[in-house]
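In: Structure for this input, please:
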Amino acid sequence: MTTTASLKVAFIGTGIMGAPIAGHLMDAGYELTVYNRTKEKTAGLIERGAIWANSPAEAAKGADVIFTMLGYPSDVEDVYLASDGLIRAAKTGAWLVDLTTSSAQLARDIHDAAEVEDKHAVDCPVTGGEQGAIDGTLTLIMGCEEADAAPIAALLETFSSKIFYFGSAGAGQTAKLCNQVSLAGCMVGMADALALATQGGIDVAKMLEMVGGGMGGSRALAGLGPKALEGDYKPGFLVEHFRKDLGLALEQSEDLQITLPGAETAFTLYDMLCQIGGARLGTQAISLLYAEQADAAAAGLDWGKLDVSQYASEGEGCGCGHEHGEGHECCGGHGEGHECCGGHGDGCCGGHGHEHGDDHESCCGGHGEGHECGCGHEE
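Out: Numbers count the residues shown, from 1 in each chain. A predicted model of the protein is given here:
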């Protein structure tokens, strides 16, 4: 297959990151067909000359390369493996590149199904957030060898600055989940530091500068700490999608019979944030779990929506007898009642015994029932 701008490309899922990625492909001269569940989100691309398709199958028809950027593993499974999905709809020899952070096992299933049909499917989750997508500087994490991806290298380079190859189908997804697990620790650390500085009465902006310049710093703290401090919760990456990624990592850790206590703590905090109305905020909104109730309410959060029973220990609620939603500071309080997450005693979400799948299909884990944890999804 030739790798020139004469290739026909389809892009399915033009949301926060998908739209700018598709734009870079158009900038490079590729003929583009687009599909998104919400057509309005393709308007900018269509104005620039992209062709609208009425379904993923229609978008794939005749395309040499098909990119997908979806929300959940259930979406990926439906789009690829349904009877009218991409595996069947794509032409022989086509490349199918999934940019979604999804399940490693699902990626292997899709790869194998594609090979039977003489097509090429590869998992290629990305990192770099909305700004990386806009700037065309994403890091791509591919579940194949570099030589295998050579036919589509020119397309990948239009929206990336680094590409890592992890050798086999599904390995890209596992590597991306490692990134999310590490990021989760950084986000909790950032929120903890902001709370400690605020309650300690020191200059929070100066603290961020000091910590960011040393070993305690991280790109998350440097980029998102100031946003949290300013009360800017606009999403570069959605809370609900980060929770989904952490759920995937926890599911894989269970399969591997290992424990990830840091990821479990972060999952619980982000799950709480989703429940109380923060699903569509940016990940820096974790800091709101430490805020005064009035500040949280101003950002659209409602502690009264929290299902405390999910965090119960042997049926005893959160473990401390605190009534959530009664004006407490969930994580940031320094002694006024229950510290729901930040206490050093029997906090409701710090332990690594959190069962994130006991009462429902894992919100993000498998590619079976497609349960979406109640936060909704728009591509």
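In: OK, contacts around the nearest residue to L281 once chain neighbours are set aside?
Out: Of all residues not flanking L281 in the chain, Y233 sits nearest, at 4.4 Å (C-beta to C-beta, 6 or more residues apart in numbering). No exception for glycine: its C-beta is placed from N, CA and C like everyone else's. By C-beta atoms under 8 Å, 6 or more residues apart in numbering, the residues touching Y233 are K227, G278, L281, G282, Q284, A285, L288, A299.
In: Narrow these to just the buried residues.
Out: Using 16 or more other C-beta atoms under 10 Å as the burial test, the contacts of Y233 include K227, G278, L281, G282, Q284, A285, L288 as buried.
In: how about these in TSV, adding secondary structure, pLDDT and distance to S55?
Out: Shown next, in TSV, are the buried ones among the contacts of Y233 (DSSP: H, G, I helix; E, B strand; the rest coil; pLDDT from 0 to 100; distance: C-beta to C-beta, whole Å):
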residue	secondary structure	pLDDT	distance to S55
K227	helix	97	37
G278	helix	97	32
L281	coil	97	31
G282	strand	96	31
Q284	helix	97	36
A285	helix	98	34
L288	helix	97	39
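In: which of those residues sit farthest apart?
Out: K227 and G278 (14.2 Å; C-beta to C-beta).
In: hang on, the earlier thing: could you verify that the residue nearest to L281 is part of a helix?
Out: No - going by DSSP: H, G, I helix; E, B strand; the rest coil, the assignment for Y233 is coil, not a helix.
In: so what pLDDT did it get?
Out: The model reports Y233 with a pLDDT of 97.
In: What of the one 3 residues further on?
Out: Model confidence at G236, expressed as pLDDT, equals 89.
In: Neighbours of it, how many?
Out: Neighbour count of G236, defined by other C-beta atoms under 10 Å: 19.
In: before we move on, the earlier item: would you turn the buried ones among the contacts of Y233 into TSV with distance to Y30?
Out: Shown next, in TSV, are the buried ones among the contacts of Y233 (distance: C-beta to C-beta, whole Å):
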residue	distance to Y30
K227	34
G278	37
L281	33
G282	30
Q284	34
A285	36
L288	41
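In: Quickly name whichever of the residues you listed is closest to T100.
Out: The nearest member of those to T100, counting by C-beta to C-beta, is G282 at 18.8 Å.
In: list the contacts for that closest one?
Out: L224, K227, D232, Y233, K234, P235, G236, F237, L238, V239.
In: For it, which non-adjacent residue is spatially closest?
Out: The shortest distance from G282 to any non-neighbouring residue, by C-beta to C-beta, 6+ apart, is to P235 (3.9 Å).
In: Give the full set of residues in contact with the one you found.
Out: I16, E130, R280, L281, G282, T283.
In: switch the cut-off to 10 Å
Out: I16, G129, E130, H241, F242, A279, R280, L281, G282, T283, Q284, A285 (C-beta atoms under 10 Å, 6 or more residues apart in numbering).
In: what is the mean pLDDT for the host helix or strand of V181?
Out: Element membership for V181 (DSSP states H and E) is helix 171-200. In this model, helix 171-200 has a mean pLDDT of 98.
In: G300 looks like it's in a strand, true?
Out: No - per three-state DSSP, G300 lies outside any strand segment and is coil.
In: give me phi/psi at M142?
Out: Here is the backbone geometry of M142 (degrees, to the nearest 10): phi -100, psi 140.
In: Confirm for me that it is in contact with W95.
Out: No - with contact defined as C-beta atoms under 10 Å, M142 does not reach W95; the gap is 11.9 Å.
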